[in-house]
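# got a predicted model here, sequence first, then my questions.
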Amino acid sequence: MPGKFEVKKATNGQYMFNLKAGNGEVILTSETYESKDGCLNGVESVRKNSAQDARFDRRTSKNGKPYFALTAGNGQDIGRSEMYESKASMEKGIRSVMRNAPEAKLVESAGA
């Protein structure tokens, strides 16, 4: 089953999206956007930038857990992963984004 982008309205009234793998697991979460159009532009930016390994910024959280951020050409974060237990798991997450994002369908939640 292919991945999908789920666009929804956040509790603060802004918009956000999650990229989910075919198994339904969230593999990337966006920042919030003031407008729906801005959010949809973010989805397109993920599609475009996820093909380039160099756009994945591998990071370590304050508690020592690895995670990644997908960045745009201007260096801004487009989305972030969950915290992983190991670097190997994080790398699997990156590969999943690279595999799922380009062809993921767009789904809007009710109220989005």
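Cool, got the structure. Residues are numbered from 1 along each chain as shown.
# so the most centrally placed residue in the chain versus G13, what's the distance?
Here the mean C-alpha position of the chain is nearest to the C-alpha of L28 (CA atoms, centre = their mean), at a distance of 2.7 Å. Remark: distance between L28 and G13 (CB to CB, to the nearest Å) = 22 Å. All C-beta atoms are positioned from the backbone trio N, CA, C, and that covers glycine.
# now do the contacts for N49.
By CB atoms under 8 Å, 6 or more residues apart in numbering, the residues touching N49 are R55, L70, T71, A72, G73, I78.
# run the chain-centre distance for whatever helix or strand F5 lives in.
Using DSSP states H and E, F5 falls within strand 4-9. Distance of strand 4-9 from its chain centroid, counting by CA atoms, centre = their mean, to the nearest Å, is 10 Å.
# list the buried residues for that strand?
Buried residues in strand 4-9, counted by 16 or more other CB atoms under 10 Å: K4, F5, E6, V7, K9.
# please save the CA atoms from stretch 92-112 in PDB.
Below are the C-alpha coordinates for stretch 92-112, written out as PDB (Å, rounded to 0.1, in the frame of the first residue of the first chain):
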ATOM      1  CA  LYS A  92      15.300   3.200   7.900                       C
ATOM      2  CA  GLY A  93      12.900   6.100   8.600                       C
ATOM      3  CA  ILE A  94      14.800   8.300   6.100                       C
ATOM      4  CA  ARG A  95      14.700   5.600   3.400                       C
ATOM      5  CA  SER A  96      10.900   5.200   4.100                       C
ATOM      6  CA  VAL A  97      10.400   9.000   3.500                       C
ATOM      7  CA  MET A  98      12.500   8.800   0.300                       C
ATOM      8  CA  ARG A  99      10.400   5.800  -0.900                       C
ATOM      9  CA  ASN A 100       7.000   7.100   0.100                       C
ATOM     10  CA  ALA A 101       6.900  10.800  -0.400                       C
ATOM     11  CA  PRO A 102       7.300  11.200  -4.200                       C
ATOM     12  CA  GLU A 103       4.100   9.200  -5.000                       C
ATOM     13  CA  ALA A 104       2.100   9.500  -1.800                       C
ATOM     14  CA  LYS A 105      -1.500  10.500  -2.300                       C
ATOM     15  CA  LEU A 106      -2.900  13.600  -0.600                       C
ATOM     16  CA  VAL A 107      -5.800  13.100   1.900                       C
ATOM     17  CA  GLU A 108      -7.500  15.900   3.700                       C
ATOM     18  CA  SER A 109      -9.000  15.300   7.200                       C
ATOM     19  CA  ALA A 110     -12.500  16.500   7.800                       C
ATOM     20  CA  GLY A 111     -12.400  20.200   8.600                       C
ATOM     21  CA  ALA A 112      -9.100  20.800   6.800                       C
END
